[in-house]
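Undergrad: next comes the sequence, and after it the predicted model I'd like to discuss.
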Amino acid sequence: MLTIAWDVDDVLNDFTRVWFETVWRPRHPECRLSYEDLRSNPPHEQLGITRDEYLSSLDEFRHSRYLTDLQPLPEALSWFEKNGARHRHIALTAAPLRCAPVSAAWTLRHFGRWIRGFHVVPSSRQDESIPEYDQSKRDFISRSEDISLLVEDHPANINAAADLGIQVVLMPRPWNSAARSISAVFRDLENL
């Protein structure tokens, strides 16, 4: 059985889109950007704010509405229902440590039939001091001998995993170069 590592936000769900459309845009009606215009991740420079302001807004969304407003991607849920039992699955996220319990609860509520491990490489925050075991997903993957495939939206993580010899699938998002649709990605994953 292959072991597939799944990023959570923007792979199993539409995290950035939901945050942008339900939090950022309503609070910043002067913003003329659409979700599809977000060409970088993090997009703080495009939004005209500091990285810390951006992260603070994301963290507020995670704590206040992540569990209620965020649904799984229908394509992801459908894929797991048809193909999930054919492979082993873990979640590998870079959420801040203080938000990891919310992300874990969401992941296990929607995908817990298949995803049996939840791993976090904490995304650093200014006011949080924690031991650093792994500084990146690459560090985690390099010491995890059983990961066969990484499904991820961030190009740097894709490149790092590919450099380690791991199969990779880039989830299409405005900030990456994936040319196919999300539906096409999940159709291709059926051929593993």
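TA: Received it, and whenever you're ready, just let me know what you need.
Undergrad: buried sites along the host helix or strand of Ala162?
TA: According to DSSP states H and E, Ala162 maps onto helix 155-163. Neighbour-count burial for helix 155-163 flags 155, 157-158, 160-161 (criterion: 16 or more other Cβ atoms under 10 Å). Any C-beta I mention is one placed from the backbone N, CA and C, and that applies to glycine too.
Undergrad: pLDDT on the helix or strand hosting Arg62, on average?
TA: In the assignment (DSSP H and E), Arg62 maps to helix 51-69. Mean pLDDT, computed over helix 51-69, is 94.
Undergrad: who does it touch, helix- and strand-wise?
TA: Applying 3 or more Cβ pairs under 8 Å, 6 or more residues apart in numbering; DSSP states H and E, one finds that helix 51-69 contacts helix 15-19, helix 44-47, helix 100-111.
Undergrad: which secondary structure state does Pro29 sit in?
TA: coil (DSSP: H, G, I helix; E, B strand; the rest coil).
Undergrad: tally up the residues packed near it, please.
TA: Under the neighbour criterion other Cβ atoms under 10 Å, Pro29 is assigned a count of 7.
Undergrad: circling back to that earlier point, so what touches the helix holding Ala162?
TA: Here helix 155-163 makes contact (Cβ atoms under 8 Å, 6 or more residues apart in numbering) with 7, 136-138, 141, 150, 152, 168, 170, 176-177.
Undergrad: list only buried entries from those residues.
TA: For these, buried by 16+ other Cβ under 10 Å: 7, 137-138, 141, 150, 152, 168, 170, 176.
Undergrad: can I get those in a markdown table including pLDDT and secondary structure?
TA: Formatted as a markdown table, the buried ones among the contacts of helix 155-163 follow (pLDDT from 0 to 100; DSSP: H, G, I helix; E, B strand; the rest coil):
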| residue | pLDDT | secondary structure |
| --- | --- | --- |
| Asp7 | 98 | coil |
| Lys137 | 96 | helix |
| Arg138 | 96 | helix |
| Ile141 | 96 | helix |
| Leu150 | 98 | strand |
| Glu152 | 98 | strand |
| Val168 | 97 | strand |
| Leu170 | 98 | strand |
| Asn176 | 97 | coil |
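Undergrad: which among these gets closest to Ser78?
TA: Nearest to Ser78 out of those is Asp7 (Cβ to Cβ; 18.2 Å).
Undergrad: next, the buried residues of the helix holding Arg62.
TA: Using 16+ other Cβ under 10 Å as the test for burial, helix 51-69 gives 54-55, 57-59, 61-62, 66.
Undergrad: quick one: that helix to helix 100-111, angle?
TA: 40 degrees (axes from the mean of the first three to the mean of the last three Cα atoms, to 10 degrees).
Undergrad: run the chain-centre distance for helix 51-69.
TA: 14 Å (Cα atoms, centre = their mean, to the nearest Å).
Undergrad: show me what it is in contact with.
TA: Taking Cβ under 8 Å, 6+ apart as the rule, helix 51-69 contacts 15, 18-19, 22-24, 42-44, 47, 95-96, 98-99, 102-103, 105-106, 109, 123, 125-126.
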